[in-house]
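Undergrad: I'll drop the sequence and a predicted model, then ask my questions.
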Amino acid sequence: DAGVIQSPRHEVTEMGQEVTLRCKPISGHDYLFWYRQTMMRGLELLIYFNNNVPIDDSGMPEDRFSAKMPNASFSTLKIQPSEPRDSAVYFCASSSSRDRVSRRETQYFGPGTRLLVL
Amino acid sequence: SQQGEEDPQALSIQEGENATMNCSYKTSINNLQWYRQNSGRGLVHLILIRSNEREKHSGRLRVTLDTSKKSSSLLITASRAADTASYFCATDQGAQKLVFGQGTRLTINP
């Protein structure tokens, strides 16, 4: 299995521009999570989906952030308009409620997208 | 705010020595997990311990959990240079949400 795939790996943009981050979860996984990691705040859960439905978006910082999961194999996190304080590494993770060993508790992370907003 | 707090924030030891990292949390949990993050990479799950377990082993890893003190420790025995990474504890409070600590940055010196 290729694992969780994220694109792009690096993104540099100017303040005010729209940024779209993409994620392909592990095939068969029914949970998908978006995290943001910064030195100041550590790793924060932004939103997560179950069977393509958003379950908890309480971590989304503000209306500039939106996330979608149109199907089981694809999700996007969009920032519009972007601001310098959005600079961070954004991780996507997935898990499976059908994992017999650890059930749904273990999360598998992608390599992350390093975003820099100038 | 972060649920888990790791201690120490940074740890540097010689190859072959044992490394111990601690994690404290504030609320009741279903389980506690430890993850490793190599520089510039995503997090990798290491081990999970449930709230009704006190100790768990996996290879050179040993995890303990004390729910009365709301704390956990991760011991890496016979450390290797490849163990150099950041280590995070994460608490599962239900509803599939993991809350991560700030991490311990471990450096193994050859």
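TA: Happy to help now that I have it. What you see is a predicted model; the values in this text were computed from it and never measured.
Undergrad: contact residues of chain B facing chain A?
TA: B:2, B:30-31, B:33, B:35, B:41-45, B:48, B:88, B:92, B:95-103 (C-beta under 8 Å from any C-beta of the partner chain). All C-beta spots, glycine's among them, are computed from the backbone N, C-alpha and C.
Undergrad: identify the residues contacting the residue in chain A positioned nearest to chain B.
TA: Going by C-beta to the nearest C-beta, chain B is nearest to A:F109 of chain A, at 3.5 Å. A:F109 makes contact with A:4, A:91-93, B:35, B:42-44, according to C-beta atoms under 8 Å, 6 or more residues apart in numbering or on different chains.
Undergrad: just the buried residues of the residues you listed.
TA: A:4, A:91-93, B:35, B:42-43 (16 or more other C-beta atoms under 10 Å in any protein chain shown).
Undergrad: could you redo those as JSON lines and give each row pLDDT?
TA: Converted to JSON lines, the buried ones among the contacts of A:F109 look like this (pLDDT from 0 to 100):
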{"residue": "A:V4", "pLDDT": "97"}
{"residue": "A:F91", "pLDDT": "98"}
{"residue": "A:C92", "pLDDT": "98"}
{"residue": "A:A93", "pLDDT": "96"}
{"residue": "B:Y35", "pLDDT": "96"}
{"residue": "B:G42", "pLDDT": "93"}
{"residue": "B:L43", "pLDDT": "96"}
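Undergrad: circling back: may I see the ChimeraX selection of the buried members of the residues of chain B next to chain A?
TA: Applying 16+ other C-beta under 10 Å to those, the buried members can be selected in ChimeraX as follows:
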select /B:2,31,33,35,42,43,45,48,88,92,96,97,98,99,100,101,102,103
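Undergrad: so what's B:R62 bridging to?
TA: Counting by DSSP bridges, B:R62 forms beta bridges with B:H57, B:L75.
Undergrad: and the pLDDT for the nearest residue to B:R60 once chain neighbours are set aside?
TA: Sequence neighbours aside, B:T77 is the residue nearest to B:R60 in space, at 4.8 Å (criterion: C-beta to C-beta, 6 or more residues apart in numbering or on different chains). B:T77 is assigned 97 on the pLDDT scale.
Undergrad: isn't B:T77 up against B:N18?
TA: Yes - taking C-beta atoms under 8 Å as the definition, B:T77 is a contact partner of B:N18 at 5.1 Å.
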